[in-house]
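Asker: Dropping a prediction and its sequence here:
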Amino acid sequence: MDASAAARRSIEVGSMRVTLLKRLLVGPPMPLAQARHERLSKRIALAVFSSDALSSVAYATEEILLILVLAGSAAGRLDVPIALAITALLVIVTISYQQTIYAYPSGGGSYIVARANLGTVPGLVAGAALLVDYVLTVAVSVAAGIAAVTSAVPELATHKVALSVVCVVVIAVANIRGVRESGRIFAVPTYFFLLAFTVMLGVGFFRLATGTLEPAPPPPVAPVEALTWFLILRAFASGCTALTGIEAISNGIPAFRAPESRNAAITLGWMAFILASMFVGITMLSSELGILPRETETVVSQIARQLFGTGLLYYMVQAATTLILILAANTSFADFPRLSSLLARDHFVPRQFANLGERLVFSNGILVLAGFAALLLVVFGGETHALIPLYAVGVFISFTLSQSGMVRHWWLERSAGWRHRLLINGVGAVATGVVTLVIAVTKFTHGAWIVVLVIPILVSGFLAMRRHYEEVAASLSLENFDGPPEFQHTVLVLVGDVHRGVVRAVQYARTLAPTATVRAVYVETDPARTGRLEDKWSRWGLGVPLVVLSSPYRSFLRPLLDYIEHIQARGDDQMVTIVLPEFLPRRWWQHVLHNQTALLVKGALLFRKNIVVADVPYLLKR
């Protein structure tokens, strides 16, 4: 086997190993025709799209209490009224989105609804807000899941950032494998979570009702702030994290089995009922048991510990909480790539986001989401409470724009029953708009300003990318095109020495144009070498004339660029092809032993008009 064959064989073996690893992780590629079989039943869809919303019950109550206890332990009793107010808002938003699902059966996310009814900029604001919220959802869910682990096993607290990043990677790989497979993976933990929390709430209220569990007064906490309406609104805003993830189903209607809209609306109703029941149940139970937040243990862990001690049921609840919180990120992994693909289709983000991967998922969106979420976890040290202030602002902005868009939709359409539909979405728009202002004002100095700043930056970026794509389309359009231009072609072969690779490049150059328009170019940086090179050229130049460019200051590029400009000064019809002879060592490390002149030339000529650069590689045999 010669050296070139050995090198090819080495490359092929390396490529096969990478392919085998990829197949092991993500599975074999799927034909496009299989996409219609990758639809979800309501049972699986509940697990795929609802894990984010359902998992919020593990920390929403705690976030309310963290604010209320600033006014002392007695203020913690306001958690139940606040939870009931949030539940009322949940009902309004759910009914509003059920209408959106039927009005937009191909996927009624905030971006689509707002752009169709309110215009491009409101649509992009909704899209940017959701993209930010999806990244935060992954970071918050994973951080909260790892917090549940460290509540049960405090020794792992020092490794929470590394554990969080590993979880993000695992979820990303599961989603790259495809919709149906990720749905099956996440269905078991979701239903395990529902079972564990149902048992915990059932046992808790049964023991309270039968007097076998004595309610305890909350531990005394000295107030550090006055109990004002602003503090109560801050607690309400923090508890509104319970509503994040509600929109996921309306975004993912195409993933449901037929009839898509009906199945999606039913699943949304199931999710809202389960979420409301569990959220209010946990809040009431924590209030009755006198539980307040602790730095080293979550509220859910405290409830389970009081009910079950440290036995099997306690660890079952903690395991279920950990799984649902970590896997709640799957909702974002389902919706972020889908929304990115819609934005790419409309030319607001790079078009690569619209490409389906081998497993019929938008792989690029999944990878970008995983990268940003992992970065957030590292920057914020995996702390849930550090990330929460950034949370919910984006999703409520999208709620408000979506419901406002639906109001205009019904006003313009005026189909049967449009008045009561307009009223429902109008109430939803007003309610979510008020909450958006409350969240933005009460959380602004606690980190929400970051999201408020990022959203306009993203929208500006979207518009800039759209303008770029429009300019490219206009430049490439065949409208008013008079036909292809006639070129005067000159071919230049760059010569640094005369060897087999150069002779091969000259032979190739002669196939591009008549020999009379082909020239070899040598930049003279050492006059002592010129005579020897001209002598060799007379024997091996294949009849192609050699042009020697003097370079008294030993610059290679400047004389070459001046020569090319001299040729092109004859007119706009002058096309120049630069042929670069390039020999390739067998080993990767051997490249550093040689000048990278070809790379330098390609970089210098990349953005010049009417210039083509052709590489002619010569693989060294030894």
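Answerer: Great, that's in hand.

Asker: contact partners of stretch 119-129?
Answerer: By CB atoms under 8 Å, 6 or more residues apart in numbering, the residues outside stretch 119-129 that reach it are 109-116, 339, 342-343, 348, 393-395, 397-398, 401-402, 404-405, 451, 454-455, 458-459, 462-463. Every C-beta, even on glycine, is put in place using the N, C-alpha and C of the backbone.

Asker: Where does the prediction get shaky in the chain?
Answerer: For the chain, the stretches with pLDDT under 70 are 1-38, 108, 178-186, 215-218, 357-360, 385, 584-596, 621-622.

Asker: Check it for its longest strand and report it.
Answerer: Scanning the chain for the longest strand, with DSSP state E as the assignment, gives strand 574-584.

Asker: what packs against the helix or strand following that strand?
Answerer: Using DSSP states H and E, the helix or strand that follows strand 574-584 in sequence is helix 597-605. With contacts defined as 3 or more CB pairs under 8 Å, 6 or more residues apart in numbering; DSSP states H and E, helix 597-605 has these neighbours: helix 557-568, strand 574-584, strand 611-619.

Asker: so which of these comes closest to residue 415?
Answerer: strand 611-619 (58.2 Å; CB to CB).

Asker: Nearest residue to the middle of this protein?
Answerer: When CA atoms, centre = their mean is applied to the chain, the residue found nearest the centroid is residue 369 (2.5 Å).

Asker: what's near enough to touch that residue?
Answerer: Neighbour list for residue 369: 134, 135, 138, 172, 332, 333, 336, 337 [criterion: CB under 8 Å, 6+ apart].

Asker: Would you map the helices across the stretch 151-300 of the chain?
Answerer: 160-176, 179-210, 229-239, 248-251, 260-288, 299-308 (DSSP state H, counting those that start in this stretch).

Asker: so of these, which one's packed in deepest?
Answerer: Most buried of the helices of the stretch 151-300 of the chain, by mean neighbour count (mean count of other CB atoms under 10 Å): helix 248-251, with a mean of 30.

Asker: what does that one contact?
Answerer: With CB under 8 Å, 6+ apart, helix 248-251 has contacts from 45, 49-50, 52-53, 97, 100-101, 104, 107-109, 264, 267-268, 271, 331, 334-335, 338-339.

Asker: Please apply the same query to stretch 523-539.
Answerer: For stretch 523-539, contacts defined as CB under 8 Å, 6+ apart pick out 495, 497-498, 520, 522, 546, 548-551, 554-556, 559-560.

Asker: Check those residues and tell me the two furthest apart.
Answerer: Greatest spatial distance among the contacts of stretch 523-539 (CB to CB): 498 and 555, at 22.0 Å.

Asker: who has more neighbours, the two?
Answerer: Each of residue 498 and residue 555 has its neighbours counted (other CB atoms under 10 Å); residue 498 has more, 23 against 12.

Asker: contacting residues for the more buried one?
Answerer: Residues in contact with residue 498 (CB under 8 Å, 6+ apart) are 533, 536, 537, 540, 541.

Asker: What separation is there between the residue nearest to the centre of the chain and residue 599?
Answerer: Residue 369 sits at a distance of 34 Å from residue 599 (criterion: CB to CB, to the nearest Å).

Asker: can you check residue 430 too?
Answerer: Taking CB to CB, one finds residue 430 at 60 Å from residue 599.

Asker: So if I had to pick from the two, which one is more boxed in?
Answerer: Neighbours per residue (other CB under 10 Å) separate residue 430 from residue 599, with residue 430 holding more: 15 against 12.

Asker: Regarding stretch 603-617, how distant is the last residue from the first?
Answerer: 17 Å (CA to CA, to the nearest Å).

Asker: So which residues of the stretch 451-600 of the chain form helices?
Answerer: Counting by DSSP H, counting those that start in this stretch, the helices of the stretch 451-600 of the chain are 500-509, 527-540, 557-568, 597-605.

Asker: Show me which positions of the first one end up buried.
Answerer: Taking 16 or more other CB atoms under 10 Å as the neighbour-count basis, helix 500-509 is seen to contain the buried residues 501, 502, 505, 506, 509.

Asker: now the last one
Answerer: With burial defined by 16+ other CB under 10 Å, the residues of helix 597-605 counted as buried are 597, 598, 601, 604, 605.

Asker: Now do the contacts for the second one.
Answerer: With CB under 8 Å, 6+ apart as the criterion, the residues that contact residue 598 are 580, 582, 615.

Asker: Are any of those buried, and if so which?
Answerer: Neighbour counting over the contacts of residue 598 (16+ other CB under 10 Å) leaves 580, 582 as the buried ones.

Asker: of the contacts of residue 598, closest to residue 441?
Answerer: Residue 441 has its nearest neighbour among the contacts of residue 598 in residue 615, at 59.4 Å by CB to CB.

Asker: show me what contacts the closest one?
Answerer: Contacts of residue 615 (CB under 8 Å, 6+ apart): 580, 582, 598, 602.

Asker: In JSON lines, list these along with distance to residue 374.
Answerer: Supplementary listing: these in JSON lines, determined by distance: CB to CB, whole Å:
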{"residue": "580", "distance to residue 374": "40"}
{"residue": "582", "distance to residue 374": "38"}
{"residue": "598", "distance to residue 374": "37"}
{"residue": "602", "distance to residue 374": "34"}
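
Asker: Break down the chain into its strands, ranges please.
Answerer: Using DSSP E, the strands of the chain run over residues 488-495, 518-524, 546-550, 574-584, 611-619.

Asker: looking at these, which is closest to residue 83?
Answerer: Closest among the strands of the chain, using CB to CB: strand 611-619, at 66.1 Å.

Asker: Once you drop chain neighbours, what's closest to residue 388?
Answerer: The shortest distance from residue 388 to any non-neighbouring residue, by CB to CB, 6 or more residues apart in numbering, is to residue 63 (5.9 Å).

Asker: How about residue 255?
Answerer: Spatially, and ignoring its direct neighbours in sequence, residue 255 is nearest to residue 40 (5.3 Å; CB to CB, 6+ apart).

Asker: What's opposite the one you found in the beta bridge?
Answerer: Counting by DSSP bridges, residue 40 is bridged to residue 256.

Asker: and it, how many neighbours does it have?
Answerer: Burial of residue 40 is recorded as 25 neighbouring residues (other CB under 10 Å).
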